[in-house]
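Chemist: Sequence unavailable; structure follows:
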Ligand SMILES: NC(=O)C1=CN([C@@H]2O[C@H](COP(=O)(O)OP(=O)(O)OC[C@H]3O[C@@H](n4cnc5c(N)ncnc54)[C@H](OP(=O)(O)O)[C@@H]3O)[C@@H](O)[C@H]2O)C=CC1
Ligand SMILES: N[C@@H](CC=O)C(=O)O
Ligand code: NA
């Protein structure tokens, strides 16, 4: 049996796991695909770096082009990260008829469409299961498992670092700064954690899921994003007291082929299954018109979980090679893109206001809500010994995003409101 030859770009956390699985499970993998799988060449930054796995030094190169241009190589597994140069490597590999497996969410979120179109033109596979929720087979599920259904809603905890931080803040009352430091020390956060904590990493992943779920080209710029860096311990306590957990949720919704997509800290009802996803774990909740509620849970990052998805993609490419059907299973979005306007995006809101503690304040505030057509679910006023202002906690019924924006603009002009201390989306 002729071996299938693989070129690996990157031998870091994920690449090491890929080699471990391909070496360790060779017998099982080759019996599944009908030929041995050989990792022929590996591009790294530093060939002399000590590695935790045994690698023939002759396979290593610091030049990814050597791997891309090697005519013997059938499949490129890209686990080195980066966007601009990596895009060139992948486009060139496709031009040469090589199939691609990648874990690169940054690349797929920004250039996925271009890469998938090139793959279709060249009848090549591009699989990217590890790019969203590392070890959870969510991309395959959206493409295959839900091919018959119309997806209405996708809610995801797709960033482990922020979920770890929020879990620690919620369960241990820890402060944001302390837990972020801990997450960095434990290696969960990206080298620069800004993209984790400001929601960009989650936004990239949600744009990939939105594209697959709604069959339209959901771009990163379509995702309205806010991160977790301004959440206080107090906000989390309020959430708990009202029966919610605070999570950084990606939420994509579609009705009549118009969609909205966002990533933001969200108070989710504690009884919702996604509210109990804690620590570095990820979960994706998918609501389909026919199937109803489903949820997928597991490790979103880490060497072996992520490598599991990468190698499963490799197996899929090789099975397609054997059948001669590569390039047939891509979802290149085919629907015209229609983004919902703010008038049509509805959700509940939590507000914590610091206000003057005097007669008539509540009436002025509720009048603004009424004039902006926002109906209230609950209003609670409380005294805080550490705060000379009165604190008013408001939960609205579903309100349009544009109406809520109107409320917030009116509050800026209302003299009795000292500060809108917190404003969160509420789900469930
Ligand atoms: N880590 C995780 O849990 C997850 C990662 N991902 C994605 O997987 C990809 C890889 O991540 P990860 O393994 O953590 O990254 P690492 O930083 O651990 O590894 C990157 C690897 O690529 C090599 N490399 C980097 N730049 C170059 C270059 N210019 N030329 C040649 N080799 C290069 C490095 O070489 P050297 O070893 O010599 O430094 C290293 O082996 C990224 O796209 C990431 O977003 C996706 C899901 C989860
Ligand atoms: N930094 C990311 C790693 C995986 O994509 C995360 O925290 O989820
Ligand atoms: Na995945």
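Modeler: Noted; the coordinates are in hand. If you're wondering where the values come from, they're calculated on a predicted model, not measured in any experiment. Ligands and ions are numbered 1, 2, ... in the order given.

Chemist: Could you count how many residues lie near residue 324?
Modeler: 8 (other Cβ atoms under 10 Å). Just so you know, the C-beta spots here come from the backbone N, C-alpha and C atoms, and that holds for glycine as well.

Chemist: For residue 425, list each beta-bridge partner.
Modeler: residue 266, residue 349 (DSSP bridges).

Chemist: Can you give me the neighbour number for the residue in the chain that ligand 1 sits nearest to?
Modeler: Closest contact between the chain and ligand 1, by Cβ to the nearest ligand atom, is at residue 12 (1.8 Å). Residues near residue 12, counting by other Cβ under 10 Å, number 15.

Chemist: for residue 25, same thing?
Modeler: Neighbours around residue 25, by other Cβ under 10 Å: 14.

Chemist: can you pull the contacts of it?
Modeler: The contact partners of residue 25, by Cβ atoms under 8 Å, 6 or more residues apart in numbering, come to residue 311.

Chemist: now swap in residue 176 and tell me
Modeler: So residue 176 contacts 165, 169, 228, 229, 231, 232, 233 (Cβ under 8 Å, 6+ apart).

Chemist: Need the residues you listed in JSON lines (columns: pLDDT and secondary structure).
Modeler: Output for those, formatted as JSON lines (pLDDT from 0 to 100; DSSP: H, G, I helix; E, B strand; the rest coil):
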{"residue": "165", "pLDDT": "95", "secondary structure": "helix"}
{"residue": "169", "pLDDT": "93", "secondary structure": "helix"}
{"residue": "228", "pLDDT": "97", "secondary structure": "coil"}
{"residue": "229", "pLDDT": "93", "secondary structure": "coil"}
{"residue": "231", "pLDDT": "94", "secondary structure": "coil"}
{"residue": "232", "pLDDT": "92", "secondary structure": "coil"}
{"residue": "233", "pLDDT": "89", "secondary structure": "helix"}
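
Chemist: Can you select the buried ones among these for me in PyMOL?
Modeler: PyMOL command restricting these to the buried ones, with burial defined by 16 or more other Cβ atoms under 10 Å:
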select buried, resi 165+169+228+229+231
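
Chemist: related to what we said a few turns ago, okay but the residue of the chain closest to ligand 1 is in contact with residue 79, surely?
Modeler: Yes: between residue 12 and residue 79 there is a contact under Cβ atoms under 8 Å: 7.1 Å.

Chemist: before we move on, back to that, which of the contacts of residue 176 sits closest to ligand 2?
Modeler: Using Cβ to the nearest ligand atom, the contacts of residue 176 come closest to ligand 2 at residue 165, 9.7 Å.

Chemist: Now do the contacts for that closest one.
Modeler: Contact analysis of residue 165 by Cβ under 8 Å, 6+ apart lists 176, 179, 180, 183, 197, 228.

Chemist: quick revisit: now the residue of the chain closest to ligand 1: phi and psi?
Modeler: phi -100, psi -140 (degrees, to the nearest 10).

Chemist: Need the pLDDT of it.
Modeler: pLDDT for residue 12: 95.

Chemist: Which residue ranges of the protein form helices?
Modeler: Using DSSP state H, the helices of the chain run over 13-24, 26-33, 64-68, 84-95, 105-122, 138-140, 160-172, 176-185, 194-197, 200-214, 233-241, 303-323, 361-371, 401-413.

Chemist: Which one, of those, ends up nearest to residue 340?
Modeler: For the helices of the chain, proximity to residue 340 was assessed by Cβ to Cβ; helix 401-413 is nearest, at 8.9 Å.

Chemist: Give me the packing partners of the closest one, helices and strands only.
Modeler: If you count contacts as 3 or more Cβ pairs under 8 Å, 6 or more residues apart in numbering; DSSP states H and E, helix 401-413 packs onto strand 346-355, helix 361-371, strand 417-427.

Chemist: any idea which of the ones you listed is most buried?
Modeler: With neighbours defined as mean count of other Cβ atoms under 10 Å, the helices and strands packed on helix 401-413 peak in mean count at strand 346-355, which reaches a mean of 20.

Chemist: can you state the direction angle for that strand and helix 233-241?
Modeler: Regarding strand 346-355 and helix 233-241, their directions subtend 130 degrees when assessed with axes from the mean of the first three to the mean of the last three Cα atoms, to 10 degrees.

Chemist: Pick out the most distant pair among the contacts of residue 165.
Modeler: 183 and 228 (11.3 Å).

Chemist: Most distant residue from the centre of this protein?
Modeler: No residue in the chain has its C-alpha farther from the mean C-alpha position than residue 359, which lies at 46.1 Å (Cα atoms, centre = their mean).

Chemist: Report pLDDT for the closest residue to residue 5 other than its chain neighbours.
Modeler: Excluding the flanking residues, the one nearest residue 5 by Cβ to Cβ, 6 or more residues apart in numbering is residue 40, at 4.6 Å. You'll see residue 40 listed with a pLDDT of 98.

Chemist: is it true that residue 40 touches residue 73?
Modeler: Yes: with contact defined as Cβ under 8 Å, residue 40 counts as touching residue 73 (5.9 Å).

Chemist: Between the two, which has more neighbouring residues?
Modeler: Higher neighbour count among residue 40 and residue 73: residue 73, with 23 against 17, using other Cβ under 10 Å.

Chemist: Would you enumerate the residues in contact with the more buried one?
Modeler: So residue 73 contacts 5, 6, 7, 40, 41, 67, 98 (Cβ under 8 Å, 6+ apart).

Chemist: gap between it and residue 321?
Modeler: 13 Å (Cβ to Cβ, to the nearest Å).

Chemist: what do residue 40 and residue 73 both touch?
Modeler: Listed as contacting both residue 40 and residue 73 by Cβ under 8 Å, 6+ apart are 5, 6, 7.

Chemist: domains for this structure, by residue range?
Modeler: Listed by automatic domain parsing, the domain ranges of the chain are 4-131+303-323, 138-299, 347-427.

Chemist: Put together TSV for those, with distance to ligand 3 on each row.
Modeler: Formatted as TSV, the domains of the chain follow (distance: least, Cβ to the ion, whole Å):
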stretch	distance to ligand 3
domain 4-131+303-323	5
domain 138-299	5
domain 347-427	23
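
Chemist: how about those domains in a markdown table, adding distance to residue 337?
Modeler: Formatted as a markdown table, these follow (distance: least, Cβ to Cβ, whole Å):
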| stretch | distance to residue 337 |
| --- | --- |
| domain 4-131+303-323 | 11 |
| domain 138-299 | 5 |
| domain 347-427 | 19 |
